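[1] with the sequence up front, the predicted model follows.
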Amino acid sequence: MEQEEKSERRLERIVRGFANHRRIEMMRVLEKAPDLSLLHVCQRLGVGYKTGAEHLRRLVLTGLVLKKNRGRWVVHRLSKLGGVVLTFLRTLE
């Protein structure tokens, strides 16, 4: 029973991670153009830096987006789980 609860809570955390239209847009951008910096993601979506940073932070925390240091920049890409979530979301459209 306890294992089921942990699994359900994990699923809830993942769903909350992408339960925002901006975060879904970010995931789609990163699917098409991996390895973008926060600045480039914000520019593509036309959102402010602070707003973009908070949305990306939540995506990283839930494991939907990965970040990697590349020189002076931190770049972001969709994780395998993020790809699965986008595939799921497409079935709902």
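    Thanks, I have the structure now.
[2] against which helices or strands is the top helix by length along the chain packed?
    Of all the segments of type helix in the chain, defined by DSSP state H, the longest one is helix 2-18. Here helix 2-18 touches helix 21-32, helix 49-61, helix 80-92, going by 3 or more CB pairs under 8 Å, 6 or more residues apart in numbering; DSSP states H and E. For the C-beta atoms, the positions are set from N, CA and C on the backbone; glycine is no exception.
[3] compute the inter-axis angle for that helix and helix 21-32.
    For helix 2-18 against helix 21-32, the angle between stretch directions is 90 degrees (axes from the mean of the first three to the mean of the last three CA atoms, to 10 degrees).
[4] what residues does helix 2-18 touch?
    Identification of contacts with helix 2-18 by CB atoms under 8 Å, 6 or more residues apart in numbering yields R23, I24, M27, R58, L59, L61, T62, G63, L64, L81, V85, L89.
[5] just how off-centre is it within its chain?
    16 Å (CA atoms, centre = their mean, to the nearest Å).
[6] mind saving the C-alpha coords of that helix as CSV?
    These are the backbone C-alpha positions of helix 2-18, laid out as CSV (Å, rounded to 0.1, in the frame of the first residue of the first chain):
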residue,chain,number,x,y,z
GLU,A,2,2.8,2.4,0.9
GLN,A,3,4.5,1.8,-2.5
GLU,A,4,1.3,2.7,-4.3
GLU,A,5,1.0,5.9,-2.4
LYS,A,6,4.6,6.9,-3.3
SER,A,7,3.9,6.1,-6.9
GLU,A,8,0.7,8.2,-6.9
ARG,A,9,2.5,11.1,-5.3
ARG,A,10,5.2,10.9,-7.8
LEU,A,11,2.6,11.0,-10.6
GLU,A,12,0.9,14.0,-9.0
ARG,A,13,4.3,15.8,-8.8
ILE,A,14,4.9,15.2,-12.5
VAL,A,15,1.4,16.3,-13.5
ARG,A,16,1.7,19.5,-11.4
GLY,A,17,5.0,20.0,-13.2
PHE,A,18,3.4,20.4,-16.6
